[in-house]
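>>> Here is my input, please return the structure:
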Amino acid sequence: MNKYIKCITYLISKKTNNVIHYPTTAYNSIYTLGSENYFNHFLNVYNILRKWNCDEDTCFAGLFHSIYSNETSATVFEKDREVIKELIGSQAESYVHQFNADRYQNKICRTINFANVLSKPLILVTDDYYDAKDTDDFYFYFRDTVKWGFIGSGKDLKNWRKFNYSVDFKNKFEKKLRKYTDHLLTNYHIKEFLKFDRCYASGNPYGTVHEIHTDYDEPYQGITVMYYLNSNWNFQLGGETVFFDIFKKDIIKSIIPKPGRVIVFDGGYPHCARDTVRNFNDLRMVITFKYSIKL
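Residues are numbered from 1 along each chain as shown. Sure thing, here's the model as predicted:
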């Protein structure tokens, strides 16, 4: 029997499709978007690793990554390691065993965990990532100092209308934000898998166009890091970043642009900035870092 079919048959025999998997991570702040059963979760992790062209042992380790109890789950589907070795081989099973002991201990484990945290649309949120002085410094620098350009006609959905600034990291505040981003991605154990693409700041007054868009063609191709730059914000002002489920045709999360807040998300999912209220007389500002996933 085909190895993959044998594994799927085994997972069904363990009733993994009847047990809910609630996404959890060791990250400080996280919005997990929904839940699913373990069977679908195992398949999603496997398919992401396949999409990344990982070797067979890594992919099958991903398929069984939480088959034993581990640091974030008390669910146990199997206690006999020999059973798993018979299904996926000794090397792949050793990765599963290592992952359950410490998912960050080596690159294979970290790769499986990266696929694990991306297996559902995911938004990682960190509040008060820097202090009040940084918040004011960044706000006044971007609002009053940078040379904003204006792009787009806004006549149809193929055009942007916003103020735009391409970041070149020559200024000390831009350098500091890149340093903060490197530190954040390192803490999330994903920096080693990312290749920097570009960075830019955006500014939107009331009445500009905010298209629903993706930063990458599809999920699992790139990571976006976005900082909210305004030094003060009231939720009544609007301006949320909204994430969409294109299959359910619904909103899956809406994020208020609070000062000092940074979000890290899979750039392959549709999102947009909502307009501010009419009497908002400032720019809603963000700085965005984009990274391709390169294993």
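>>> where along this structure do the strands fall?
20-21, 30-32, 36-37, 122-126, 149-151, 162-166, 194-204, 222-228, 241-245, 250-255, 262-266, 271-273, 284-293 (DSSP state E).
>>> mind showing which ranges of the stretch 101-250 of the chain have poor pLDDT?
153-160 (pLDDT under 70).
>>> which residues touch the helix ranked longest in the chain?
As assigned by DSSP state H, the longest helix anywhere in the chain is helix 172-187. Defining contact as CB atoms under 8 Å, 6 or more residues apart in numbering, one finds that helix 172-187 is touched by 126, 129-130, 134, 137-138, 141-142, 167-169, 191, 194, 199, 223, 225, 227, 262, 264, 287, 289, 291. Placement of C-beta: from N, CA and C, glycine included.
>>> from those, which would you call buried?
126, 129-130, 134, 137-138, 141-142, 167, 191, 194, 199, 223, 225, 227, 262, 264, 287, 289, 291 (16 or more other CB atoms under 10 Å).
>>> Now do the same contact list for R274.
R274 is in contact with 210, 238-242, 254, counting by CB under 8 Å, 6+ apart.
>>> Only the buried residues of stretch 188-201, if you could.
188-191, 193-194, 199, 201.
>>> Repeat that for stretch 279-295.
280, 282-291, 293.
>>> for stretch 223-242, same thing?
223-231, 233, 237-242.
>>> got it, and stretch 174-183?
174, 176-178, 180-181.
>>> Let me know the closest of those to I246.
Taking CB to CB as the measure, I246 lies nearest T181 of the buried residues of stretch 174-183, at 27.7 Å.
>>> and the gap between the closest one and F173?
Distance check for T181 against F173: by CB to CB, to the nearest Å, it reads 13 Å.
>>> And for F280?
24 Å.
>>> ok, now I5?
For I5, the distance to F173 - CB to CB - is 55 Å.
>>> Likewise for T186?
When T186 is compared with F173 (using CB to CB), they lie 20 Å apart.
>>> Looking at these two now, which is surrounded by more residues?
Counted by other CB atoms under 10 Å, T186 and F173 do not tie: F173 has more neighbours, with 18 against 11.
>>> How about the more buried one: what's its closest non-neighbour residue?
Nearest non-adjacent residue to F173, counting by CB to CB, 6 or more residues apart in numbering: Y141, 4.7 Å away.
>>> Also D136?
D136 sits nearest to S231 (CB to CB, 6+ apart), 5.3 Å away.
>>> Wait, the one you found touches T135, no?
Yes - applying CB atoms under 8 Å, one finds S231 in contact with T135, separated by 5.2 Å.
>>> residues bridging contact with the two, i.e. touching both?
Common neighbours of S231 and T135 (CB under 8 Å, 6+ apart) are P259.
>>> Please compute how far stretch 264-282 lies from its chain's middle.
For stretch 264-282, the distance from its own C-alpha centre to the chain's C-alpha centre is 16 Å (CA atoms, centre = their mean, to the nearest Å).
>>> and the nearest residue to F235 once chain neighbours are set aside, what does it touch?
Excluding the flanking residues, the one nearest F235 by CB to CB, 6+ apart is I256, at 5.2 Å. The contact partners of I256, taken as CB under 8 Å, 6+ apart, are 233, 235, 239-240.
>>> Can you tell me which of these is nearest L49?
E240 (33.0 Å).
>>> quick one: L122 and F265 touch, right?
Yes - the criterion here is CB under 8 Å, and L122 meets it with F265 at 6.6 Å.
>>> Just give me the closest of the buried residues of stretch 174-183 to F42.
Using CB to CB, T181 comes nearest to F42 of the buried residues of stretch 174-183, at 31.6 Å.
>>> The closest one and P257, how far apart?
17 Å.
>>> for V146, same thing?
From V146 to P257 the distance is 18 Å (CB to CB).
>>> Can you pick out the residue with more neighbours from these two?
With neighbours defined as other CB under 10 Å, V146 and P257 compare such that P257 has more, 24 against 18.
>>> Got the phi and psi for the more buried one?
phi -80, psi 70 (degrees, to the nearest 10).
>>> List the contacts of it.
By CB under 8 Å, 6+ apart, the contact list for P257 reads 228, 230, 233, 239-241, 284, 286.
>>> If we ignore the residues flanking it in sequence, what's nearest it?
Nearest to P257 is Y228, by CB to CB, 6+ apart, at 4.0 Å.
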